[in-house]
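1. no sequence for this one, just the structure:
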DNA sequence: AGACTCCCCGGAAACGTTTACAGCTATCGG
DNA sequence: CCGATAGCTGTAAACGTTTCCGGGGAGTCT
C-alpha cells in the first residue's frame, strides 16, 4: 500500500518497474538496457538477469503511446473468400514487410456498419495506416475515410474529388475487352451475370456491359442479364435462372467466383463450354486457371493495384503532407479455353476434347 | 511555451485537452461527456460542440493503455488462400463479433520467424487474445505461445502436455475414413499426395495413411506416395510425377487444394474421375463442391474447430485462471461424385455422364 | 433552518513506456 | 594538478486517456 507506484500490478505481469527494482537500478536504466542503448556492462548484466528471471515482456501498447507508431498496417476487404483479395493481400504484404511492418486483414462481409466501425476503431491509432477496398460507399463512410487520424488508401472507385489516396482500375473498359473478344469470335447472344447493382463494382460493370453492346450495335435483351451477389452459389443460381428463360451463346461474369458458379450451372444444364456457350470471368484469379475448362478472365490488375496502394500508403506514412494522389491500373484480357474460338468440329456426341484442359496450365 | 501540458500537440490532432480547453471545462468532464457517462446538459452541449468543432477523435492506443483492453482479436494462419482457413475464420468471426470485438487475420506464409515475430508483437497487448493455427511448431514457437501476455488458443496438434488451450481433430482417423471408403468401393492401388512431411499435418496424414493401409493388409507401394506442399500447383505437379511412374486407381490428397491440382493432372493425363481414378480430398471446403466432378472430401470440422477455439478464447479472456483445456472435433467423410461407387457402364468413349455433376449441389 | 442526499465538477493519479535533462565519476590533455 | 570531456545514472516529464476522490451547490426531508 505504498504511495509510490505499485511495483507489481494486480495483473501480476512484470513491468519495467519490476525489473528495475529487482536489478536495483532506475527504470530509465532498465529501459535503456532493454532497448540495447547504453548501460555499463554491470548494469546490462543485472537488468538482463532480472528481466529473464521475472519473464519480462514489454507492453506494446504503452510503447506505441510513447512512440506514436505501432508497426502494424491493416487491410479491410469485403470477403477474404474471394481469391482476388488474397492476391491483393499478398502483393500488399510483400511491400509492407519491406518497411518492417506487419499486415493485418479484416473481412467486413460487406456490412457497412462493420466497415465504418472498423475504420473508427483501427484507424484511431491501432495501426500506422490502412488500405480499404469498399464495395459500397456511403457519405458516412467517406467522412470516416477523409478524417481518419491515420493514413488511408482506397482501392477502388471513389467520388472524383474525394481527398484520399486512391488506386483504381477501369472495370467498364474491362467489360468492353470481354465483349469485344466474344463478338470477335462470333458470339451474338451475350449474357451477363452481375453482382448487386447498388455496389460500386456492380454498377460499373453494368454500365460497361451496356456501353460495350451499344458500341457493337447489339440490341440489349434484358432477359440475358441476371443479378446475384459476388459469390459462387449466387452465380450458379443466377445462371440457372437465366438459362431457364434465354439461350445465350456466351456469358460474361462480374467476377471469377460467379463465373465458376456459371460454369457449374451450364454443365449441369448440358451446355458445353466453350462450344455451346463461351464463358468469360473477371479478376483473373488462380481460380480461373483451376477450372475445366480453364476460364478466360479479365484481369483488373489486382496484385498491381495492391502493390501500388501499399506504396502510396508507405509514402504517406512517411510524409503526411503529400497531396492526395490517384493512380490507375489498366485492365487486360486473358483468353483461355472457356472462350476459345469455336473448336474444329463441335458436333453433339463427340467425346470431350482434352486439349483445352492441358493448354495454358501455369504454375 | 507554457510549462503546462501542450494543448495542441505537434501532430496537430486535437486531444481531450484541446476540447476541454475549448469547452472551458476540465479534461475529466470532457472525458465523461465523450464517454456518455454523466455531465450536466450545459456541459454536454459545450463539450459536444467543442469536440465537433475541432474534429476530435479519441486515441484508441491511449484508451487501451488505460482500460487494458483493445477490443481486437487476432487469428494467425499459414495461408489465407486456402479456403479451409476462410471457413475457420468465418466461424471465429461469428463468435468474436458476439463479444463486441473485431477479428484481424494475419497470414504467416508458413515462415516460422514471421509467426514468432507476430506472436511477440501482437500478443504483447495489441490484441485481447489470439488464435493461431501453426503448421510447424518449434520449441521457440512453443515458448512464445506459452508465455504470451495475452490469451492464446491453438488450433491443431500440439505437444501433449503444453499448457495451452488447444482444439484439435484426428486427421489420422480422417485418413482412415478416406482409405476405408476407397477400399469398400473396390479400389486396390490407392495413391497419396501429401504436403511436406516436416509439418504437423503432413506428418499426421502420412502416419494415418500408412496405418490405414496396414489395417487393410494392403502392401505399401512407395511409388504411390508423392509429396509437394499444400498448394494447388504443387498438388498438380506432384500428381503428374506420380502418374509418370505408377497407375493408381484411387488418390487421397492431404487437402482440397492438392485434390483440385490432382484432378487437373488426372484429366490432363486422360484419366476419368471417378471411373479410372477415384479422388478424395481433405478439409471438405467449398472448393470441393465447386469442382467437376464434385470432390469427395474428409471434413476435419474446421468451422467447428474455429467456433470452439473462439469460445475457449473468450472464456479465457474473461477468466485467465482457467486450467488449460483441450477439445477434439471428430472427422467425417463427405462422399461425392469423384469417388462414387463405380458407375453403371464405364466403357471408354461414352459421353460423359452428367448426373454426378448435378447431384449434391448445395448452396 | 439544519442535516442529509444527490449530482456535478476539477485535480490528480494511473496505465507502462521512452527520453530530455542534469548530476556524478572517472579519464584525459595541457 | 586542474579543467574539460565522456559516459553512466536517476529524476521526472511526456504520450492521451479514464477514473478515484474530495469539494461544493442545489434540492429535499424533518
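-> Cool, got the structure. In this text, all values refer to a predicted model and were calculated from it rather than measured experimentally.
2. reduced to three states, what does residue A:153 come out as?
-> Three-state assignment for residue A:153 (DSSP: H, G, I helix; E, B strand; the rest coil): strand.
3. mind listing what residue A:331 touches?
-> A:169-171, A:173-174, A:177, A:298-301 (Cβ atoms under 8 Å, 6 or more residues apart in numbering or on different chains). All C-beta spots, glycine's among them, are computed from the backbone N, C-alpha and C.
4. please report how far the residue nearest the centre of chain A lies from residue A:67.
-> By Cα atoms, centre = their mean, chain A has its centre lying nearest to residue A:85, at 3.0 Å. Separation of residue A:85 from residue A:67 (Cβ to Cβ, to the nearest Å): 31 Å.
5. returning to that earlier point: what helix or strand is the residue nearest to the centre of chain A on?
-> Assigned by DSSP states H and E, residue A:85 falls within helix A:83-97.
6. so does that helix get close to chain B?
-> Yes: using Cβ under 8 Å from any Cβ of the partner chain, helix A:83-97 reaches chain B at A:83, A:86, A:89-90, A:93.
7. ok, which of those also contact DNA strand C?
-> Near DNA strand C, taking Cβ under 7 Å from any atom of the strand as the test, no member of the residues of helix A:83-97 next to chain B is found.
8. farthest-separated two in those residues?
-> Of all pairs drawn from the residues of helix A:83-97 next to chain B, the greatest distance, 15.0 Å, lies between A:83 and A:93 (Cβ to Cβ).
9. go ahead and confirm residue A:49 touches residue A:23.
-> Yes: Residue A:49 is within contact range of residue A:23, at 7.1 Å (criterion: Cβ atoms under 8 Å).
10. rewinding a little: what is the nearest of the residues of helix A:83-97 next to chain B to residue A:199?
-> residue A:83 (18.2 Å).
11. wait, residue A:287 touches residue A:253, no?
-> No: counting by Cβ under 8 Å, residue A:287 does not reach residue A:253; the two are 11.6 Å apart.
12. if we can go back for a sec, give me phi/psi at the spatially closest residue to the residue nearest to the centre of chain A that is not a sequence neighbour?
-> In this structure, residue A:85 finds its nearest non-sequential neighbour in residue A:77, 4.3 Å apart by Cβ to Cβ, 6 or more residues apart in numbering or on different chains. Backbone torsions of residue A:77, given as degrees, to the nearest 10, read phi -130, psi 170.
13. contact partners for residue A:77?
-> With Cβ under 8 Å, 6+ apart, residue A:77 has these contacts: A:85, A:88-89, A:105-108, A:132-133.
14. so what pLDDT did it get?
-> Residue A:77 is assigned 95 on the pLDDT scale.
15. give me the distance between the residue nearest to the centre of chain A and residue B:81.
-> Counting by Cβ to Cβ, the gap from residue A:85 to residue B:81 is 10 Å.
16. for residue A:43, same thing?
-> 48 Å.
17. what about these two, which has more around it?
-> residue B:81 (21 against 18; other Cβ atoms under 10 Å in any protein chain shown).
18. for the closest residue to residue A:62 other than its chain neighbours, give me phi and psi.
-> Leaving out its chain neighbours, the residue that sits closest to residue A:62 by Cβ to Cβ, 6+ apart is residue B:65, at 5.5 Å. Main-chain torsions, residue B:65, degrees, to the nearest 10: phi -60, psi -40.
19. assess the claim that residue B:65 and residue A:60 are in contact.
-> No: with contact defined as Cβ under 8 Å, residue B:65 does not reach residue A:60; the gap is 10.2 Å.
20. the more surrounded of those two?
-> It is residue A:60, of residue B:65 and residue A:60, that has more neighbours when counted by other Cβ under 10 Å, with 23 against 18.
21. and the more buried one, what does it touch?
-> Residue A:60 neighbours (Cβ under 8 Å, 6+ apart): A:70, B:121-122, B:124-126.
22. pLDDT below threshold where in the stretch 251-363 of chain A?
-> A:342-363 (pLDDT under 70).
23. would you map the helices across it?
-> A:256-268, A:286-290, A:302-318, A:355-358 (DSSP state H, counting those that start in this stretch).
24. export those to TSV and append columns for distance to DNA strand D.
-> Output for the helices of the stretch 251-363 of chain A, formatted as TSV (distance: least, Cβ to the nearest atom of the strand, whole Å):
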stretch	distance to DNA strand D
helix A:256-268	41
helix A:286-290	43
helix A:302-318	16
helix A:355-358	59
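25. looking at these, which is closest to residue B:182?
-> helix A:286-290 (23.5 Å).
26. ok, residues contacting that closest one?
-> A:83, A:87, A:256-257, A:259-260, A:281, A:294-297, A:334, A:336, A:360-362, B:81, B:232, B:260-261, B:264.
27. give me the neighbour count for the closest residue to residue A:311 other than its chain neighbours.
-> In space, and not counting its chain neighbours, residue A:311 is closest to residue A:95: 6.0 Å by Cβ to Cβ, 6+ apart. Here the number of neighbours of residue A:95 (other Cβ under 10 Å) works out to 20.
28. you'd agree residue A:95 is up against residue A:315?
-> No: assessed by Cβ under 8 Å, residue A:95 is found out of contact with residue A:315, at 10.9 Å.
29. coming back round to it: quick one, which of the helices of the stretch 251-363 of chain A gets closest to residue B:32.
-> helix A:302-318 (33.4 Å).
30. that closest one to helix A:83-97, inter-axis angle?
-> For helix A:302-318 against helix A:83-97, the angle between stretch directions is 40 degrees (axes from the mean of the first three to the mean of the last three Cα atoms, to 10 degrees).
31. what helices or strands is helix A:302-318 leaning on?
-> helix A:83-97, strand A:129-132, strand A:152-155, strand A:165-169, strand A:326-329 (3 or more Cβ pairs under 8 Å, 6 or more residues apart in numbering or on different chains; DSSP states H and E).
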